[in-house]
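Asker: Build the 3D model from these lines:
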Amino acid sequence: MRTRHLIPALLLLGSAALQARDYHIDQTAYFPTPAAEATDLKALQADIDALTAPAPMTATTLLAYLRRVETLMARGQRHNAYLHLRSALDADDQVAADGYHAAGTALGALTIKLRTTLRSVGNEGFASLAATEPALRKYAYALDKATRSLPHELPASEQAIVDDMYDEGTNALWNVYQKTRRATVYGKVHTPQGDLDVNKDATALAANPDRDVRREAWQRKQADGSAQAQTYASILTGVVRINDRSARFQHFSDAAESLYFGRQFDRTDVHATTAALQAQADVLKDYQRVRAAEVGRRLGITEVHSWDMAVPLPGFRPPVFDYEAMRQTIPKALAPLGKDYVAHFTALLDPATQRTDLTAALGNRELDNFSIAAPGVPAGLFLESWSPTLKSTSIVAHEGGHAIHSQLMNEHGVSPLYNHGPNWMHEGIAILNEMLLYEYLYRHAPDAATRAYYLQAQLDEMTFEIFTSAQEAQLEEGIYEGVMAGRLRNAADLDALTLDVTSRFGIWPAIDPELAHAWIDKRLMYQDPFYLVNYMYAGLWAAKMFDMAMTDPADFQKRYGALMAEGFDAPPKEVLRRFFGRDLPPDELVGADMALIRRKTADLRQLYEAVK
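Answerer: Numbers count the residues shown, from 1 in each chain. Purely as a prediction, here's the structure:
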């Protein structure tokens, strides 16, 4: 299944061959016309408004009600996908944007009605009804999800006050954060190409061959970005206090307990996992030292800094990717996932199926990449634009992974109630595709330098998702604890904590102490608290699945095929138990992934020796 001729071809293509044609998703697969969709959305809203709880409540009436909810939810998901696509195609299409919001509101109203009905039935009532009608058993997890937060909910009038306080406060702080970021004035650095902005042109400046330019640009960006550090500190501590107050109102011990609960994480498990990763920090440090030593050797630098790491090495030209050849490469890379998966991915990227939407020019398209999926419609892929780079190719592998996962769930009849699970599980499945892509490119590269390039990309992905996210998890919870204990009051305190936490894991904070300001750039800490921990678990799970796929492909394909077909009809730990066949404690999961990264780092070290 693997060939060696394709990748060299990618490296030799002329610039004219690198442009992708424009491709568009067939919108009529969702609705004949926008007008037809708008009419049907109104009908859906009316149907949801008319939905009432079963009366009398019997096994037969409850089953009919739940099946009706599934039908309405499938319809809502189709509208949601269609309007997401249309609003992304034209950022100024306010009609599509309003419709997208309305579809989301309708789905939210339906979810609330379902939750209210299931709560009225209760655990004992549901068990009694399911005993007489076995078909109800598939909805047991829907009942669990509907009732798990009951101990933390207030009477309706009080809950409304808490929710309003939380929404208004957090939205206001997020708006201040965004305005402060936009108002930041960044300096410029003089280069032979002209004066470049240290923020807007950061990528180009980081790759500049002149070390003085790289140093000045990086240090200037750090200084300018942290000029309003005290403002950011006030915003972040405000976010902490609002989350903590809201959590305590709802009978949680603190904000961390509430936020982990909402994301279906166990706090003890998070602590055990981050502690296990901190204990294995030498794995990351070893990789960073290997990379730094090679950069130093190739560039003739004695003391390498973090801002040296993005510069292209002498004598090596990063590979470029023709779009058409990419369409062939990614399915080949995903062969460890099985023939059926590969066939589905090939069809996704086939222009004849009209399921991928991209243009060579960005135009007025939304700056995003995402999959779209709904029951009864083949999944699609939206790309903001295409560039002939490894990054664009990895985005296709990642977002396409989301699309194929959704399609396989739909094809296997997964209930619309169960086709969305915890974020980290969805992300782990998509990240696995990136790891497999890098592995294929690495194994089929034409020379040692190119093999090293792809192996670096793979290790960067693994270590970033796992270790950086572990740092962020420790840092964010540390910020909450410090603010509420009165230890963190200002920007200097946050700098000190950031430097302390990040120094536990990597080599760069000790070399470049300006990295103490990193908390300012952690956008999700301000916008979506405790979301970042998702990436730690996603990275760990993806790396473990990758190792399984490489070690025993036949066994892995059976497990993965079952995972793709089941959906999220149980708590995350139960889904993992079914996949692995047993419980996998944090230290064992971390240990297995660290062994993988160590092996990969040793391979990279050998490749560097070969390049000499």
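
Asker: Asn423 contacts Tyr535, doesn't it?
Answerer: No: in terms of CB atoms under 8 Å, Asn423 does not count as a neighbour of Tyr535; the distance is 9.0 Å. The way it works is simple: take the backbone N, C-alpha and C, and place the C-beta from them, glycine included.

Asker: So for the two, which sits in the more crowded spot?
Answerer: With neighbours defined as other CB atoms under 10 Å, Asn423 and Tyr535 compare such that Tyr535 has more, 23 against 17.

Asker: CA atoms only: put the helix or strand where the more buried one lies into CSV for me.
Answerer: Secondary structure from DSSP states H and E places Tyr535 in helix 533-551. Provided in CSV are the C-alpha atoms of helix 533-551 (Å, rounded to 0.1, in the frame of the first residue of the first chain):
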residue,chain,number,x,y,z
VAL,A,533,-6.7,20.6,29.3
ASN,A,534,-8.6,18.9,26.5
TYR,A,535,-5.5,19.0,24.3
MET,A,536,-3.4,17.1,26.9
TYR,A,537,-5.8,14.2,26.9
ALA,A,538,-6.3,14.4,23.1
GLY,A,539,-2.5,14.2,22.6
LEU,A,540,-2.0,11.4,25.0
TRP,A,541,-4.9,9.4,23.5
ALA,A,542,-3.7,10.1,19.9
ALA,A,543,-0.1,9.0,20.7
LYS,A,544,-1.3,5.8,22.3
MET,A,545,-3.5,5.0,19.3
PHE,A,546,-0.7,5.7,17.0
ASP,A,547,1.6,3.3,18.8
MET,A,548,-1.1,0.7,18.8
ALA,A,549,-1.6,1.2,15.0
MET,A,550,2.1,0.8,14.4
THR,A,551,2.6,-2.2,16.7
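
Asker: what comes up buried for the helix or strand following it?
Answerer: Going down the chain from helix 533-551, the next helix or strand is helix 553-566, by DSSP H and E. By neighbour count with 16 or more other CB atoms under 10 Å, helix 553-566 contains the buried residues 556-557, 559-561, 563-564, 566.

Asker: got a list of what Leu441 touches?
Answerer: By CB atoms under 8 Å, 6 or more residues apart in numbering, the residues touching Leu441 are 7, 319, 329, 333, 390, 454.

Asker: doesn't Pro318 make contact with the fifth one?
Answerer: Yes: the pair Leu390 and Pro318 passes the contact test of CB under 8 Å, sitting 7.1 Å apart.

Asker: who has more neighbours, the two?
Answerer: Neighbour comparison, Leu390 and Pro318: the larger count goes to Leu390, with 20 against 13 (by other CB under 10 Å).

Asker: measure that one to Arg182 for me?
Answerer: The spacing between Leu390 and Arg182, counted by CB to CB, to the nearest Å, is 30 Å.

Asker: quick revisit: pick out the most distant pair among the contacts of Leu441.
Answerer: Pairwise distances among these were taken by CB to CB; the largest, 14.2 Å, belongs to Pro319 and Ala333.

Asker: Next, count neighbours for Gln230.
Answerer: For Gln230, the count of nearby residues is 13 (other CB under 10 Å).

Asker: Let me see the contact set for it.
Answerer: Counting by CB under 8 Å, 6+ apart, Gln230 touches 490-491.

Asker: Pretty sure it sits in a helix.
Answerer: Yes: the assignment for Gln230, made by DSSP: H, G, I helix; E, B strand; the rest coil, places it in a helix.

Asker: Please report how far it lies from Ala492.
Answerer: According to CB to CB, Gln230 stands 9 Å off from Ala492.

Asker: Same question for Pro375.
Answerer: The gap separating Pro375 from Ala492 is 53 Å, by CB to CB.

Asker: out of the two, which sits in the busier spot?
Answerer: A side-by-side neighbour count of Pro375 and Ala492, using other CB under 10 Å, places Pro375 first with 22 against 13.

Asker: Where does the prediction get shaky in the protein?
Answerer: Counting by pLDDT under 70, the ranges of the chain that qualify are 1-20.

Asker: repeat that for 80
Answerer: Scanning the chain for pLDDT under 80 picks out 1-20, 360-362, 612.

Asker: Looking only at neighbour counts, state which of Pro319 and Ala333 leads.
Answerer: Between Pro319 and Ala333, counted using other CB under 10 Å, Ala333 has the larger neighbour count: 25 against 21.

Asker: Tell me the spacing between the more buried one and Pro318.
Answerer: Shown here: Ala333 relative to Pro318, a distance of 18 Å by CB to CB.

Asker: again with Met594
Answerer: For Met594, the distance to Pro318 under the criterion CB to CB works out to 29 Å.

Asker: most centrally placed residue in this protein?
Answerer: Central residue of the chain (CA atoms, centre = their mean): Glu427, 4.8 Å from the mean position.

Asker: What residue, apart from its backbone neighbours, is nearest Glu158 spatially?
Answerer: Beyond its immediate neighbours in the sequence, the residue positioned closest to Glu158 (CB to CB, 6 or more residues apart in numbering) is Phe249, lying 8.0 Å away.

Asker: Distance check, that neighbour against Tyr166.
Answerer: Applying CB to CB to Phe249 and Tyr166 gives a distance of 9 Å.
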